[in-house]
Every structure is written in C-alpha cells, then in structure tokens.
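> here is my input, please return the structure:
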Amino acid sequence: MGTFNDQQLRIYGPFVLFLIGTLFFRLNWYFELSLRDLAISDLISLIAGYVCWEVARWTVLRLQARYPGLPNTRRRLRWMALLLPMLANAAWALRRLCYVLLATDDTFVVPLPQYTYSLGIQLFYHGVYYVVYEGGYVLQAWRQTYSHNEQLKKKRLTHQLNQLRTQLNPHFLFNSLNSLSMLIQENPRQAEAFVDELSSVYRYVLRTNNHSEGTPELTTLEQELQFIRSYFELLKIRYGRGIDLHIDVDSRYLNHQIPPLTLQLLIENAVKHNVILPDSPLRVAILTEGGPQLVIQNNLQRKNTAVHSTKVGLTTIATKYRLLGSCDIGICEDAEQFVVKLPLLTTQPAPVNEP
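Got it, this is the predicted structure:
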C-alpha cells in the first residue's frame, strides 16, 4: 500500500505548525528577546520543524512498511509510543545545542520546569506528525479494505444472478415449447400465431441477457410494458378467457426504469401457482403508485395439487435490485391476492461496490 501524496503537506505543514507554536507557546518571547535573538530563535524553530517532520515521516513510513495493514495498527502505535519520547528528547537537545552555539543561550542545562515545558511542546509536535501520517495511512487502508469487500460482495451477487439466469431461461423456453406442443394439436392456426409472438418475446429475452457481467442493465417501464403485452398474447392464446391483464400506469412514470424481464417473471409466477379457468380467470393487474412504485398483483386461487417452487423468479428480481444498490422489493400475500411492489428508478443507481 502506497503512502498518500503529501508533497504540499511537507512544504506547508511545518510552517503552519511553526505559526501555531508561536501563537500558543512562544508569544511571550517576542517581548523578552532582542530582535537578533528573536530572528535566530525563529529560524532555528522553523528549520527544526522541517527536520523533525521529515524524521518523524521517515520513522512512520518505515513502521508502516514493516508492519503493514489494518491488523498491525496496534503494533505500529506501540512502536510510536515508544519512539515518541526518544525523538522528542533528541529534537529538544538539538534545538538547545543550536541556541548555545548561536549565543542566544549561554548554557545547555536548563531548570527542570523549563525542560518539562519544552519537552511537552516537542511531544505535541511529534504527536501531530504521527497522527497526520498514521491517520492518513489507516484511512487509506480502511477505504481499500472496504472497497475490496464490496467488490467481493458484488462478485458473489453477480455469480448468484448468473446462476439464476441459467435456471430461468431454459425454464421459460421449456414452458413455451410445452404450450406450443399443445396448441399444435388443438389449434394449428393459433400455434402459428404463437410462434410469431414467441420469436418476438424470446428476441427481447436474449437481447436483455446479452450484456457483460456486472450491474444489470435497465429498461424503461414503457419498453417493459410493450414486451409484457407481447408476452401476455402468448398466454392469451393458450388460456383464452382464463387469464386477464389490466394495466393502469401513470404516463409520467413511463420513462422510469426497472430491470428487464421483471414483469414477465412475476406473471409467470402467477400462472404457475394458480388455477386458470374461463369461469374462474386469473386476473393480473399492473399499477403505479407514489414513491414511485410499480405494483403487480394477482388474485389467489391456488392449485389443489402442490406445485414445487424454487422461487427462482422472485430471487432473481431481488438479486437484480440488490446489485443496483436500490431499495428492496416488497412482497405481500393474504387470503385473496398476492402483491409485489417494485421501486421505479429514475437513473442508473450506484451499484453495490462490493472495496
């Protein structure tokens, strides 16, 4: 893991700390020292600030190279706590030596209170150096770890979606061919119309699935409704008056987006689990409501024989919305009807970034 770009920080950081130190720790000196001694003291402080910054930076970078990553943060902090007083004492001694050599002070030895005060200032400065570089390193490491985890999560979801897709397409084709086989025997003309509609529908299915892996593509609600009308014609040819579709969609939502094939999955799910008879038709309604949301509902008239359900359709829809980073879908069932609520998207949402 590389360090963050600190070029400007190394140029301006020590100078800013020098100004802060002058304001809080050395302001009284300006009324006690001569102009010459004050200039020498400021020059020593400024140069020492740059030197100590570079030494502290080098020390922290070596620790980060030897003990890299978030798991070693405590170990690095222990080493910093050990090295901090040593470097602060070395910085204080170097500054005192410069003062003595340049004749601003006449002795290297100072009273204990003055030494303690000066050492405390050095500890503060070095603590700032460590916080800047270790804090930046930890933040960068956390971001990379988060991004990596998000990418892994997205890959798992994408793999799951691809697995569901391989289950779905053969299932859809198998059901369609079964219906076609029955129509060929019962009504050849309807079978011919069925083939035309099937080719149109399956062309849409292949087009929507023929894109690169990753975030699912979106289609407008208007396009999806056009497709579902064609798909419903297949069902109407097969079931006649036994099935009914009612669409009541506000025109202002037609340019909103949803994952393609969502409505087909829900209608197929309703057909699979319910009795479809001319005197007891399956009624499917597609409505819009505020939010904005698309509501798909059908009356419940369960088949007497148990129907094995893998819940592939609902799982596929939920997985697509999760990959898009959108809100979860809503599913509600009571004694009379089954309702699914889907968020309508205005733009391509930010995907799940799985770091």
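> mind listing the helices for the stretch 251-355 of the chain?
262-273, 312-323 (DSSP state H, counting those that start in this stretch).
> ok, the chain next?
Assigned helices in the chain, in chain order: 7-24, 35-66, 73-101, 112-186, 188-209, 221-239, 262-273, 312-323 (criterion: DSSP state H).
> okay, the angle between the longest one and helix 73-101?
In this structure, helix 112-186 runs at an angle of 150 degrees to helix 73-101, with axes from the mean of the first three to the mean of the last three Cα atoms, to 10 degrees as the basis.
> re the thing from before, mean pLDDT, distance to Pro281 and mean neighbour count added to the helices of the chain, as JSON lines?
(Glycine included, C-beta is placed from N, CA and C.) As requested, these are arranged in JSON lines below (pLDDT from 0 to 100; distance: least, Cβ to Cβ, whole Å; neighbours: other Cβ atoms under 10 Å):
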{"stretch": "helix 7-24", "mean pLDDT": "76", "distance to Pro281": "72", "mean neighbour count": "13"}
{"stretch": "helix 35-66", "mean pLDDT": "80", "distance to Pro281": "70", "mean neighbour count": "16"}
{"stretch": "helix 73-101", "mean pLDDT": "82", "distance to Pro281": "65", "mean neighbour count": "16"}
{"stretch": "helix 112-186", "mean pLDDT": "76", "distance to Pro281": "17", "mean neighbour count": "15"}
{"stretch": "helix 188-209", "mean pLDDT": "77", "distance to Pro281": "18", "mean neighbour count": "15"}
{"stretch": "helix 221-239", "mean pLDDT": "87", "distance to Pro281": "8", "mean neighbour count": "19"}
{"stretch": "helix 262-273", "mean pLDDT": "88", "distance to Pro281": "12", "mean neighbour count": "21"}
{"stretch": "helix 312-323", "mean pLDDT": "79", "distance to Pro281": "21", "mean neighbour count": "20"}
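> just put those helices in JSON lines and tack on distance to Thr346.
Listed next are the helices of the chain as JSON lines, based on distance: least, Cβ to Cβ, whole Å:
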{"stretch": "helix 7-24", "distance to Thr346": "40"}
{"stretch": "helix 35-66", "distance to Thr346": "44"}
{"stretch": "helix 73-101", "distance to Thr346": "41"}
{"stretch": "helix 112-186", "distance to Thr346": "22"}
{"stretch": "helix 188-209", "distance to Thr346": "20"}
{"stretch": "helix 221-239", "distance to Thr346": "11"}
{"stretch": "helix 262-273", "distance to Thr346": "16"}
{"stretch": "helix 312-323", "distance to Thr346": "15"}
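> closest one to Gln293 among those?
The closest approach between Gln293 and any of the helices of the chain, judged by Cβ to Cβ, belongs to helix 221-239 at 11.3 Å.
> buried residues, stretch 332-341. List them.
Within stretch 332-341, the residues scored as buried using 16 or more other Cβ atoms under 10 Å are 338, 340-341.
> thinking again about what came up before, between the helices of the stretch 251-355 of the chain, which one is nearest to Ile121?
Proximity to Ile121, assessed across these by Cβ to Cβ, is greatest for helix 312-323 (53.8 Å).
> centre of the chain versus that closest one, how much separation?
Here helix 312-323 is found 18 Å from its chain centre; the criterion is Cα atoms, centre = their mean, to the nearest Å.
> same check on stretch 145-162?
In terms of Cα atoms, centre = their mean, the gap separating the centre of stretch 145-162 from the centre of its chain is 10 Å.
> separation between the closest residue to Leu46 other than its chain neighbours and Tyr12?
Closest residue to Leu46 apart from its sequence neighbours, by Cβ to Cβ, 6 or more residues apart in numbering: Phe18 at 5.1 Å. Applying Cβ to Cβ, to the nearest Å, the value for Phe18 to Tyr12 is 10 Å.
> which neighbours do the two share?
By Cβ atoms under 8 Å, 6 or more residues apart in numbering, Phe18 and Tyr12 have no common neighbours.
> for the helices of the chain, which one sits closest to Leu294?
Each of the helices of the chain has some distance to Leu294 by Cβ to Cβ; the shortest is helix 221-239, at 6.9 Å.
> give the other helices and strands that that closest one contacts.
helix 112-186, helix 188-209, strand 243-248, strand 257-258, helix 262-273, strand 282-289 (3 or more Cβ pairs under 8 Å, 6 or more residues apart in numbering; DSSP states H and E).
> what's the angle between the longest one and helix 35-66?
In other words, helix 112-186. Angle, helix 112-186 to helix 35-66, by the same axes, to 10 degrees: 40 degrees.
> and helix 112-186, how far from the chain's centre?
Per Cα atoms, centre = their mean, the centroid offset for helix 112-186 relative to its chain is 6 Å.
> mind giving me the packing neighbours of that helix?
The criterion is 3+ Cβ pairs under 8 Å, 6+ apart, and the helices and strands that helix 112-186 contacts are helix 7-24, helix 35-66, helix 73-101, helix 188-209, helix 221-239, helix 262-273, helix 312-323.
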